[in-house]
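1. no FASTA, just this:
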């Protein structure tokens, strides 16, 4: 799986859009970008994934650059409950274990 | 919500005693996983299952065994608990669309 780089922490004001960047310059053609988050004392939560097109669901939007070397997760109207550690993961899909490995992620703090 | 529950949610046990953690899912997913999460180590895969009676080892399987006698239940057993197995244990299932994973709420195990 390709290596990812994320800022260790970010602040965002409540009600504003939170934009979380991720660099994955060694991504290969069959690897997807996944985002998860973990709120304190809870299990990790899947947010969104994408291959090369931008994606949107009820939780967030994912913007992937044309060269696929970086991406941005956007929480359009951040709330206090969005305070969490956000993990960007790049991996191919296929058979086998597919066990996840989380790096250090970005600790997003939503300020009231 | 992927319908995943874990039991117990908290347990304190003594060194040398056997412990079994249960993961239950309600949506007939084929793949199930057991992870442990520790400060400084992130999420690590213990064992996984790809069907009833089909299991395999993950990254940190020593000291753990698993069983899956029916689709909905995946059991993790510590045959003889040690203090190094004090951790938070998460169960996960693999989704069907893009191999994303959905996690349970976790079990906090303390071995004294």
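-> Perfect, thanks for sending it. What you are looking at is a predicted structure, and each value in this text was computed from that prediction instead of being measured.

2. quick one: buried residues of the host helix or strand of residue A:85?
-> Per DSSP states H and E: residue A:85 is located in strand A:84-92. For strand A:84-92, the neighbour count (16 or more other CB atoms under 10 Å in any protein chain shown) marks A:84-91 as buried. Placement of C-beta: from N, CA and C, glycine included.

3. what does chain A have sitting close to chain B?
-> Contact residues (CB under 8 Å from any CB of the partner chain) of chain A with chain B: A:32, A:34, A:41-46, A:49, A:93-94, A:97-104.

4. mind listing what the residue most central in space within chain A touches?
-> For chain A, the residue nearest the mean C-alpha position is residue A:35 (3.2 Å; CA atoms, centre = their mean). Taking CB atoms under 8 Å, 6 or more residues apart in numbering or on different chains, we find residue A:35 in contact with A:20, A:22, A:46-49, A:60, A:62, A:73, A:86-89.

5. let me have those in a markdown table, extended by pLDDT.
-> Conversion of these to a markdown table gives the following (pLDDT from 0 to 100):
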| residue | pLDDT |
| --- | --- |
| A:20 | 98 |
| A:22 | 97 |
| A:46 | 94 |
| A:47 | 96 |
| A:48 | 96 |
| A:49 | 94 |
| A:60 | 97 |
| A:62 | 98 |
| A:73 | 98 |
| A:86 | 97 |
| A:87 | 95 |
| A:88 | 95 |
| A:89 | 92 |
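
6. what is the nearest of those to residue B:109?
-> The shortest gap between residue B:109 and any of the contacts of residue A:35 belongs to residue A:87, at 23.0 Å (CB to CB).

7. what is that closest one paired to in the beta sheet?
-> Counting by DSSP bridges, residue A:87 is bridged to residue A:36.

8. can you check residue A:21 too?
-> Where residue A:21 sits in a bridge, its partners, by DSSP bridges, are residue A:72.

9. closest to chain B out of the buried residues of strand A:84-92?
-> Nearest to chain B among these: residue A:91, at 8.1 Å, using CB to the nearest CB.

10. quick one: terminal-to-terminal distance for stretch B:54-72?
-> 13 Å (CA to CA, to the nearest Å).

11. tell me which residues in that stretch are buried?
-> B:55, B:58, B:60-61, B:64, B:66, B:68, B:72.

12. poorly predicted segments of chain A, please.
-> Chain A contains residues with pLDDT under 70 at A:1, A:94-97.

13. who in chain B is up against chain A?
-> Contact residues, chain B versus chain A (CB under 8 Å from any CB): B:31, B:33, B:35, B:42-45, B:48, B:56, B:58-59, B:90, B:92, B:94-95, B:98-106.

14. all strands of chain B, in order?
-> B:4-7, B:10-13, B:19-25, B:32-38, B:42-51, B:54-57, B:64-70, B:73-78, B:87-94, B:101-103, B:107-111 (DSSP state E).

15. and the buried ones among the residues of chain B next to chain A, selectable in ChimeraX?
-> A single ChimeraX command selects the buried members of the residues of chain B next to chain A (16+ other CB under 10 Å):
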select /B:31,33,35,42,43,44,45,48,58,90,92,94,95,99,100,101,102,103,104,106
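
16. what about residue 24, how many neighbours?
-> Unless you meant another one, I'm taking chain A. Look at residue A:24: counted by other CB atoms under 10 Å in any protein chain shown, it has 23 neighbours.

17. switch to chain B, that's the one I care about
-> 17.
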